[in-house]
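>>> below: sequence and its predicted model.
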Amino acid sequence: MIKLTSVGKDFNKGKANHVQALSDINFEVNEKQFVVILGANGSGKSTLLNLISGNLFPSSGTIYFDNTEVTRLPDFQRSRWIARVFQNPLSGTAPDLTILDNFRLAALRSKSKKLSIGATDSFKKLVQEKISTLGMGLEDKVYQPVGSLSGGQRQAVTLLMSTMDETRILLLDEPTAALDPRSAALVMQTANRIISENNLTAVMVTHNLKDAYNYGNRVVQLAEGKIIRDLNTEEKAALNEADLFHWFT
Ligand SMILES: Nc1ncnc2c1ncn2[C@@H]1O[C@H](COP(=O)(O)OP(=O)(O)OP(=O)(O)O)[C@@H](O)[C@H]1O
């Protein structure tokens with residue numbers, strides 16, 4: 001469903017501060033796969049997500065979604081299929097708008113589901129039903145501004161918003177890095193549930209080896225802009241947690 005062939009990304013080419021962030025990346029993600037990306041700082045993980053989302057264009061190579069070339073399709077034209085959760089809980093939602101209005105905006109990204117997207121009672125009920133699955137008691141707070149929620153609550157709400165439209169791909173960029181351990185665990189459980197219940201294809205960047213071990217059905221390691229390991233479902237299942245730690249020693 002996502003395919004990168006011979007993709008490279010240079011920053012500041014021809015200048016003294018030239019960086020080759022990614023080189024000759026051949027990376028294919030099948031539908032409903034949940035890929036975890038590991039790698040040291042600066043290895044190119046966020047750049048890879050930015051190329052998939054269309055926030056950056058590659059310097060070389062080609063990107064396809066479902067066999068259609070999207071190499072130079074800008075992010076706003078891909079956002080119909082792609083939802084993204086960032087490290088910073090402040091990204092991804094509009095802080096001054098209520099929870100309900102944030103969900104309305106998410107639903108408006110695609111009109112084809114024929115959802116009633118006005119501030120109608122049925123839409124409110126739908127949002128409350130969805131939010132109640134988080135087990136955070138937010139269903140009684142849908143008129144509260146999202147900015148008043150905790151970081152963990154915001155990440156969970158952002159994840160849930162990805163189920164309001166035609167999203168097929170969920171990109172998670174260190175989604176729990178700014179959260180305390182309990183909130184981080186809740187957000188990961190929520191992400192995992194949303195991915196499987198909605199048959200999403202997911203790519204998650206993390207530095208958390210426990211999460212990389214516990215979640216996803218494929219694990220890829222980047223180093224200096226190249227893929228140096230790519231373990232499929234069986235190979236990942238055969239790992240133990242210490243193996244992942246040894247990748248970095
Ligand atoms: N906009 C940019 N301009 C110049 N260089 C950049 C830019 N974005 C990334 N880089 C460089 O590209 C390389 C890869 O960066 P990237 O952010 O993809 O790494 P990362 O693996 O996500 O790192 P981290 O784990 O620290 O978030 C780094 O050397 C970084 O400095």
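All right, it came through fine.
>>> residue nearest the centroid of the protein?
Leu171 (1.8 Å; CA atoms, centre = their mean).
>>> for Gly147, helix, strand, or coil?
Of the three states, Gly147 takes helix under DSSP: H, G, I helix; E, B strand; the rest coil.
>>> before we move on, the earlier item: Three-state assignment for the residue nearest to the centre of the chain, please.
strand.
>>> hmm, it is touching Asn50, no?
No - using CB atoms under 8 Å, Leu171 makes no contact with Asn50, being 9.1 Å away. Where you see a C-beta, it was placed from the backbone N, CA and C, and this is true even at glycine.
>>> if we can go back for a sec, and the pLDDT at the residue nearest to the centre of the chain?
Each residue has a pLDDT score; the one for Leu171 is 96.
>>> got it, and the one 10 residues further on?
At Pro181, the predicted lDDT confidence score is 93.
>>> can you report how many residues lie near it?
9 (other CB atoms under 10 Å).
>>> for it, what are its contacts?
For Pro181, the contact set (CB atoms under 8 Å, 6 or more residues apart in numbering) is empty.
>>> just the helices in this structure please.
All helices of the chain, identified by DSSP state H, fall at 45-53, 75-78, 99-108, 121-132, 151-161, 181-197, 209-214, 233-237, 241-246.
>>> quick check: the residue nearest to the residue nearest to the centre of the chain when sequence neighbours are not counted vs Ser91, distance?
Leaving aside its chain neighbours, Leu171 sits nearest to Arg84 (4.5 Å; criterion: CB to CB, 6 or more residues apart in numbering). Applying CB to CB, to the nearest Å, the value for Arg84 to Ser91 is 8 Å.
>>> over to Ala177?
On the measure of CB to CB, Ala177 and Ser91 end up 12 Å apart.
>>> Leu51 touches Pro58, doesn't it?
Yes - using CB under 8 Å, Leu51 makes contact with Pro58 at a distance of 5.5 Å.
>>> looking at these two, which is more packed in?
Leu51 (25 against 20).
>>> list the contacts for the more buried one?
Leu4, Val7, Lys9, Leu22, Phe57, Pro58, Ile63.
>>> nearest residue to the last one other than its sequence neighbours?
Taking CB to CB, 6+ apart as the measure, Ile63 lies nearest to Thr71, with 4.7 Å between them; neighbours along the chain are not counted.
>>> correct me, but that neighbour touches Phe65?
No - using CB under 8 Å, Thr71 is not in contact with Phe65; the gap is 10.3 Å.
>>> near the ligand, which residues of this protein show up?
By CB under 6 Å from any ligand atom, the residues of the chain that approach the ligand are Phe11, Asn12, Val19, Ala21, Gly39, Asn41, Gly42, Ser43, Gly44, Lys45, Ser46, Thr47.
>>> mind giving me the ChimeraX select for the residues you listed, buried ones only?
Applied in ChimeraX, the following selects the buried portion of those according to 16 or more other CB atoms under 10 Å:
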select :21,39,43,44,45,46,47
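>>> narrow the residues of the chain next to the ligand to those in strands?
Phe11, Val19, Ala21, Gly39 (DSSP state E).
>>> who's in contact with the second one?
The reference is to Val19. By CB under 8 Å, 6+ apart, the neighbours of Val19 are Asp10, Phe11, Asn12.
>>> how about a cut-off of 6 Å?
Phe11 (CB atoms under 6 Å, 6 or more residues apart in numbering).
>>> with the last one instead?
Neighbour list for Gly39: Lys45, Gln221, Leu222 [criterion: CB under 6 Å, 6+ apart].
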